[in-house]
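K.L.:
This is the structure alone, sequence omitted:
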C-alpha cells in the first residue's frame, strides 16, 4: 500500500516535470518560460523526493531528502524571483496577445 | 560592476542559505574519506557561499563576512598545510605523505586513518582562497566605485 503511494507521488512528480519541459519549449515569452521552468520543477522534484522517501522508510537517506526538499523550496523560487526581477528592471516588456504573429 | 540587488526576498534567502551551504561544505570536507566528497568539493562549496553573498549582498556587507584581502592568505595557508603535511614525514624519516610519521604525538594507526583530513583541510583552504580571489579580481571587487 505504502509502495503504491510512493509510486503515485513519483509519477505525479515526473508528469509535472514533463509539463514544465513542454512549457519551456512552447510558451512565447521570457516570463512565461521562467514560470514554466521553475514552478513545476520545484514541485515535481519535491514530489519525486517525497515518493522516494516514503518508498525507503525512515532512514538517514530520507532525512537527507527532507533537507534537500527544504533547500529546494527555499532556493528555487528565490532564483526565479531574482530572474524575473532583473528582467523587469532591465525593461523587458511582457508578452501580450497583441504580439501574436499570425493573429490566431 | 557588481551592485546589490535591493530585493528583500533574495537578500533574506541568501542570508538563510549561505550558512546552510557552509555547514554542508564542512560535512563534505570532514566526511570525505568515507563518502564522495573531499577537500576540493568542500572548498568549492565554501567559495560558492562566499560568492553568493558577494553577488547578492553587495560589496560592503559581504566584505564583513569575508574580507577580500583574506583570500590570498587563505590560499597560501592552505597550500602550506598541504605541503607541510606532505613534506614533514620526509624530515622524520618516512616517505612523502606517510601520515604515521607526522610528529603529532598520536598513535600511528590513528594517524594513518585520519591523516588525510589534514591534507583535505589544506586543499579546502587553498580552493576557497583561490576561487574568491579570482572572483574579486575579475569583478573589480577591491577597487572603489567611482
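P.N.:
Received it, and whenever you're ready, just let me know what you need. All of these numbers come straight from a predicted model, not from anything done at the bench.
K.L.:
make it CA atoms for all contacts and neighbour counts henceforth
P.N.:
Fine.
K.L.:
The residue in chain A positioned nearest to chain B: neighbour count?
P.N.:
Of all residues in chain A, residue A:78 sits closest to chain B, at 5.9 Å by CA to the nearest CA. Residues near residue A:78, counting by other CA atoms under 10 Å in any protein chain shown, number 19.
K.L.:
Pull the contacting residues for it.
P.N.:
B:9-10, B:13 (CA atoms under 8 Å, 6 or more residues apart in numbering or on different chains).
K.L.:
Which strand or helix spans it?
P.N.:
helix A:60-89 (DSSP states H and E).
K.L.:
Now a ChimeraX select for only the buried ones of the contacts of residue A:78.
P.N.:
The following ChimeraX line selects those of the contacts of residue A:78 that are buried, judged by 16 or more other CA atoms under 10 Å in any protein chain shown:
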select /B:10
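K.L.:
Enumerate the residues of chain B near chain A.
P.N.:
Within chain B, the positions lying close to chain A (CA under 8 Å from any CA of the partner chain) are B:9-10, B:13, B:17.
K.L.:
Which helix in chain B has the most residues?
P.N.:
Using DSSP state H to assign secondary structure, the helix with the most residues in chain B is helix B:108-138.
K.L.:
For it, what does the pLDDT average out to?
P.N.:
Averaging pLDDT along helix B:108-138 gives 89.
K.L.:
Show me which residues of that helix are buried.
P.N.:
B:108, B:111, B:115-133, B:136.
K.L.:
Could you do stretch B:84-91 as well?
P.N.:
Going by 16+ other CA under 10 Å, stretch B:84-91 has these buried residues: B:84-90.
K.L.:
which one of the residues you listed sits closest to chain A?
P.N.:
Of the buried residues of stretch B:84-91, the one sitting nearest to chain A (CA to the nearest CA) turns out to be residue B:85, at 33.2 Å.
K.L.:
Next up, the contacts around the closest one.
P.N.:
Residue B:85 touches B:97, B:99, B:102, B:118-119, counting by CA under 8 Å, 6+ apart.
K.L.:
from the residues you listed, which two are the most distant?
P.N.:
Maximum pairwise distance among the contacts of residue B:85 (CA to CA): 12.1 Å, between B:102 and B:119.
K.L.:
Not counting sequence-adjacent ones, nearest residue to residue 9?
P.N.:
Just going to use chain A. Leaving aside its sequence neighbours, residue A:9 sits nearest to residue A:51 (CA to CA, 6 or more residues apart in numbering or on different chains; 5.1 Å).
K.L.:
wrong one, I was asking about chain B
P.N.:
residue A:78 (6.9 Å).
K.L.:
Next: residue B:74.
P.N.:
residue B:129 (4.9 Å).
K.L.:
what's that neighbour in contact with, if anything?
P.N.:
Shown in contact with residue B:129 (CA under 8 Å, 6+ apart): B:47, B:70-76.
K.L.:
what distance separates the host helix or strand of residue A:34 from the middle of the whole chain?
P.N.:
Counting by DSSP H and E, the element that carries residue A:34 is helix A:30-56. Mean C-alpha position of helix A:30-56 versus that of the full chain (CA atoms, centre = their mean, to the nearest Å) differs by 4 Å.
K.L.:
where does chain B dip in pLDDT?
P.N.:
B:1-5, B:140-146 (pLDDT under 70).
K.L.:
Apply 50 and report the result again.
P.N.:
B:1-2, B:145-146 (pLDDT under 50).
K.L.:
all helices of it, in order?
P.N.:
B:8-30, B:39-57, B:59-65, B:71-91, B:108-138.
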